[in-house]
Structures are given as structure tokens and as C-alpha cells.
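# got a sequence here, can you build the structure:
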Amino acid sequence: MRILFFLLLLALAAPAGAAELKLATWNIAWLTLRAQGDPDLPRDLSLRAPGDLELLARYAQRLEADIVALQEVDGPEAAARVFDPGAYGFFFPQERDIQRTGFAVRRTLRVIQNPDLEALDLRPQARFSLRRGTDITVEAEGRRLRLLSVHLDAGCRDASLAAPQRDCESLGRQAAILAAWVAERQREGIPFAILGDFNRAIAGPEDGFMQALTAAGPLTRPNQGMSDPCWAGNRGPRRFVDHILLGGEAQRWLVPDSLRVMVFAERDPIWRNRLSDHCPLSLRLRLS
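Next up is the predicted model:
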């Protein structure tokens, strides 16, 4: 009887299992429900057929992520064609651009949508402007996690941010904006992550873009030193341009060896336009 009572006390004293979240980022490449010929679409854009959207939805179901940072998605109606709206809530910035950032978050999680990071859109009046950052706070098991979905300027994939070209100058300005966001999270002491399409093949900690951000606070990039197998084909894997950067206590929450890239079974290059030229990148956090 004494042994049973002792075991019961041990069970009561043991901490409950820590909540685990699967985070992902996915650029779904011009995901829109607009009709061909819409004046806001590029003239040469080939729109997806209903079967393509159904296939994307099957991949989203297979991904089984709790939180997905989205890029190039034309609002909640388009997102609902890929992610089950009964299972996911959608969060998008207050703008009308087609290529928006955003989030799909399981409805079992509590979400607060913070003000957009408007400053990332350096050219808001341009026909194809840059994108705002979507900023949310997720609460699970009494823990808070601040998340930012980004889609940065293209054209400075691996050149110096000081290179004399517009895209590198723009990316340098966006790096400074993100560094200020990181510094603010550091002051708050809240775990955080920046997820998305950085359009930057970060070579390592010495990369000028990464140095600008880590000057504001330490960050973990789980895909450092790895190659992206998405649409590798005969050319072989390339460096990632999609990243998940973890900061604050979220660095300690990272489940070791949980980084995954969900590659598509379709191999013909035609599917790059019908699905996406980006594959979902994911990892797991244990909120302990």
C-alpha cells in the first residue's frame, strides 16, 4: 500500500508533457482565385486548374503543420482552397496585394494578430510592390510565441548587401527593419521566429544579411549547412532561400533533427508552375 501511495505521489509530481508545435513555411507561388486576364495579374501568368488546387490541398494535409507561414497567397479565400478552413484560421496583412504573406494556424491555438510590419514594403505604390510582414502571437499551454511571416526582395541572392544594385540596397534596408524587430523581441523577452522566403541563399554566419540580424540578438538557423532538395533534378540541391530563424527561448525549444523539406512526388518541371517552385520547410518546437 505504501509503495502504491509513493508511486501515486511521483505521478502527481511529474510535469505534464510539453506541448509540441510543428512550424512550417511555404511560398505557394501566385496562389489566387482571380480569373485569367485580371489586370492585377502578370499577363504571362498561367493559373492553376481545380485539380492543381486539390493536389496542393492533399500536400497541405500531408504536411500536418500546426502553423504555416505563407507567402504569395491572395488572402484567406485562396488559402482556404489549400488548407481546410474548418481546421485552420487565416491571418493576412491589411493590404490588397496578390502576393501577400500570412499564416494558417490550427483553430485549437489562440492567436493574436499584431500590427503588420508595413516597413518591409519599401515600394507600396508600385504595381508589383514588395510585401508587408504578417506578425502574430500564438499561445499554447500557457506559452507565447511571436511569429513573423516575410517575403523579402529578390535579386540579391548571394551578392554583398553593399553591391551597387537596387535589389541589394533594398534587401539591406529590409535587413535593418528585421533587425529592429528582433531587437524589440529581445527587449520583451518573448520567444520568436521569423519564417518565410528571404530570397537570400545565406552562406553562413558570416553572411552580411545574417550578421545584420544577429547584431540585434542571437538567432538559430536550423537549415544552416544544408542543401534544399526541392526540385533538385539533375542540377542537384541548391542553398535554401526559405528559412526559419529562431530567437529567444524558441532556440532551446527546437526539437533536434526535426527539420524537414516536403518534396513533391511530381518530377516533370511543368509541375513547378502547377504546384509551386517552393517546397514546404518545417521543424518542431517543444514548448518546455
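# tell me if I'm right that residue 61 and residue 88 touch.
No: checked against C-beta atoms under 8 Å, the pair residue 61 and residue 88 is beyond contact range at 10.8 Å. Every residue, glycine included, has its C-beta placed from N, CA and C.
# higher neighbour count, these two?
Per other C-beta atoms under 10 Å, whichever of residue 61 and residue 88 has more neighbours is residue 88, with 23 against 12.
# which residues touch that one?
Residues in contact with residue 88 (C-beta atoms under 8 Å, 6 or more residues apart in numbering) are 68, 79, 104-107.
# what bridges to it?
Per DSSP bridges, the residues bridged to residue 88 are residue 106.
# please report how far it lies from residue 158.
Using C-beta to C-beta, to the nearest Å, we find residue 88 at a distance of 34 Å from residue 158.
# could you do residue 241 as well?
Separation of residue 241 from residue 158 (C-beta to C-beta): 10 Å.
# repeat for residue 188
On the measure of C-beta to C-beta, residue 188 and residue 158 end up 32 Å apart.
# now the strands: where do they sit in the stretch 151-288 of the chain?
With strands called from DSSP state E, counting those that start in this stretch, the stretch 151-288 of the chain shows them at 192-197, 219-220, 227-228, 238-239, 242-247, 260-261, 281-287.
# off-centre distance for the second one?
Using C-alpha atoms, centre = their mean, to the nearest Å, the distance from the centre of strand 219-220 to the centre of the chain it belongs to is 15 Å.
# got a list of what residue 196 touches?
25, 27, 69, 71, 101, 148-152, 242-243.
# who does the helix or strand harbouring residue 149 touch, helix- and strand-wise?
Here residue 149 sits within strand 143-151, counting by DSSP states H and E. Identification of packing neighbours for strand 143-151 by 3 or more C-beta pairs under 8 Å, 6 or more residues apart in numbering; DSSP states H and E yields strand 19-31, strand 67-73, strand 100-106, strand 134-140, helix 166-188, strand 192-197, strand 281-287.
# so which elements touch the second one?
Spelled out, it's strand 67-73. For strand 67-73, the packing partners by 3+ C-beta pairs under 8 Å, 6+ apart come out as strand 19-31, strand 100-106, strand 143-151, strand 192-197.
# which stretches of the stretch 51-200 of the chain have low pLDDT?
Nowhere does the stretch 51-200 of the chain drop to pLDDT under 70.
# the more surrounded of residue 241 and residue 158?
Between residue 241 and residue 158, counted using other C-beta under 10 Å, residue 241 has the larger neighbour count: 20 against 12.
# mark which of the contacts of residue 88 are buried, thanks.
68, 79, 104-106 (16 or more other C-beta atoms under 10 Å).
# max pairwise distance over the residues you listed: which two?
79 and 106 (13.4 Å; C-beta to C-beta).
# show me the residues around residue 115 that make contact.
By C-beta under 8 Å, 6+ apart, residue 115 lies in contact with residue 135.
# gap between it and residue 47?
For residue 115 relative to residue 47 (C-beta to C-beta), the value is 32 Å.
# residue 227 too?
In terms of C-beta to C-beta, residue 227 sits 31 Å off from residue 47.
# neighbour count winner among these two?
Neighbour count, other C-beta under 10 Å: between residue 227 and residue 47, residue 47 has more, with 16 against 13.
# wait, isn't the more buried one in contact with residue 29?
No: using C-beta under 8 Å, residue 47 makes no contact with residue 29, being 11.4 Å away.
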